[in-house]
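Student: Here is a sequence together with a model predicted from it:
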Amino acid sequence: MSVGQTRLHLHLVSDSTGETLEIIAKAGLARFEGVDAVKHFWPMVRSEGHLDRVMEEIVKRPGLVIHTLVDGRVRDRLESRCVNLGLPMVSPLDPTVTALSGLLGQVATSRPGRQHVMDAAYFKRVDAINYTMVHDDGAGHDNWEEAEIVLAGVSRTSKTPTAIYLANRGYKTANIPLVPQSPPPASLFKLQNPLVVGLTAASERLLAVRRNRLLSLGQMPDTAYVDLEQIDAETAFARRLFADNDIPVIDVTRRSIEETAAAIINLVQARADRAGDPV
């Protein structure tokens, strides 16, 4: 632990995989400086006996207990033990569940791990990921019509990571690099089903990203790939293609992958709304 840092034990107690708690803990800790957080994961806690064993370990390293337990008996036992031991404890999903219950007029289910049930949405996401992986970097353009989204842009505009993120959200996504010396297939501009989205970025940003990429591969950054005039020509070529074919454009210069994906999903939803179709 560095000098000046505060040591904190976080106990993440879940009746499922614990993924939700990990995300919540990470988001919360990002708001604080100088914290040395030690996370202790306690997944699949679905019985009082299992909880008792977990509590023995928590007592050895006391700290904040964050839980998403839904079984009444196990949850009550955890909360009473924390009170008796003087341990801080929080259930971060409670406000959201309470609000949804009031709006829907329903009592929330008490089935542990229900969010991970392999339902139709799960298989749709797996199908989307498989499709996206084999339609990366211009591959498989003969069946792009099966995609929901096709991303186009010059090299290093985050096409692949954005496509993978969208696939994890359940969207079949293909992507293709735009290179002036090798124009994209004409079929790109005739697609009916997928939404084609152009990704662009400031030339200076692309230059920095490309240079770092070459250095990470042990290559000398002295090629046309990192020539600013060449990059300007590439981005101008891409913008002309987007404008000539009425392709919506998203500038990713100052956007994270998540922000870019959110903007694309909004475009998909807006098109579905205009067509009167559910997304």
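Tutor: Alright, I've got the coordinates.

Student: Residue ranges in the stretch 1-150 of the chain under the pLDDT threshold?
Tutor: Within the stretch 1-150 of the chain, the ranges that satisfy pLDDT under 70 run 1-4, 109-119.

Student: repeat that with 80
Tutor: Applying pLDDT under 80 to the stretch 1-150 of the chain flags residues 1-5, 17, 108-122.

Student: Where do the strands of it begin and end?
Tutor: 6-13, 35-42, 64-67, 89-90, 149-153 (DSSP state E, counting those that start in this stretch).

Student: could you pull out the helices for the stretch 51-200 of the chain?
Tutor: Counting by DSSP state H, counting those that start in this stretch, the segments of the stretch 51-200 of the chain that form helices are 72-85, 94-104, 120-133, 159-168.

Student: now, of those, which is deepest in the fold?
Tutor: Of the helices of the stretch 51-200 of the chain, the one with the most neighbours on average (mean count of other CB atoms under 10 Å) is helix 159-168, at a mean of 22. All C-beta spots, glycine's among them, are computed from the backbone N, C-alpha and C.

Student: Could you identify which of the strands of the stretch 1-150 of the chain is most buried?
Tutor: The most buried one of these (mean count of other CB under 10 Å) is strand 149-153, showing a mean of 26.

Student: which residues are contacting that one?
Tutor: Contact with strand 149-153 is made by 144, 159, 162-163, 166, 171-178, 184, 188, 191, 194-201, 238, 241-242, 247, 264, 268, as judged by CB atoms under 8 Å, 6 or more residues apart in numbering.

Student: same deal with stretch 56-71?
Tutor: With CB under 8 Å, 6+ apart, stretch 56-71 has contacts from 8-16, 20-21, 24-25, 38, 40, 42, 45-46, 75, 78, 82, 85, 87-93, 108-112.

Student: CA atoms only: put it into PDB for me.
Tutor: This file holds the C-alpha atoms of stretch 56-71, laid out as PDB (Å, rounded to 0.1, in the frame of the first residue of the first chain):
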ATOM      1  CA  GLU A  56     -16.300 -16.200   9.500                       C
ATOM      2  CA  GLU A  57     -14.000 -14.900   6.800                       C
ATOM      3  CA  ILE A  58     -15.500 -11.400   6.800                       C
ATOM      4  CA  VAL A  59     -14.900 -11.200  10.600                       C
ATOM      5  CA  LYS A  60     -11.200 -11.800  10.000                       C
ATOM      6  CA  ARG A  61     -11.000  -8.900   7.600                       C
ATOM      7  CA  PRO A  62     -13.800  -6.500   8.600                       C
ATOM      8  CA  GLY A  63     -14.900  -3.900   6.000                       C
ATOM      9  CA  LEU A  64     -17.900  -2.800   3.900                       C
ATOM     10  CA  VAL A  65     -20.300  -5.600   3.000                       C
ATOM     11  CA  ILE A  66     -22.100  -5.100  -0.300                       C
ATOM     12  CA  HIS A  67     -24.700  -7.700  -1.200                       C
ATOM     13  CA  THR A  68     -27.400  -8.600  -3.800                       C
ATOM     14  CA  LEU A  69     -29.000 -11.500  -1.800                       C
ATOM     15  CA  VAL A  70     -32.700 -12.000  -2.600                       C
ATOM     16  CA  ASP A  71     -33.600 -15.100  -0.500                       C
END
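
Student: That concludes my questions; thank you for your assistance.
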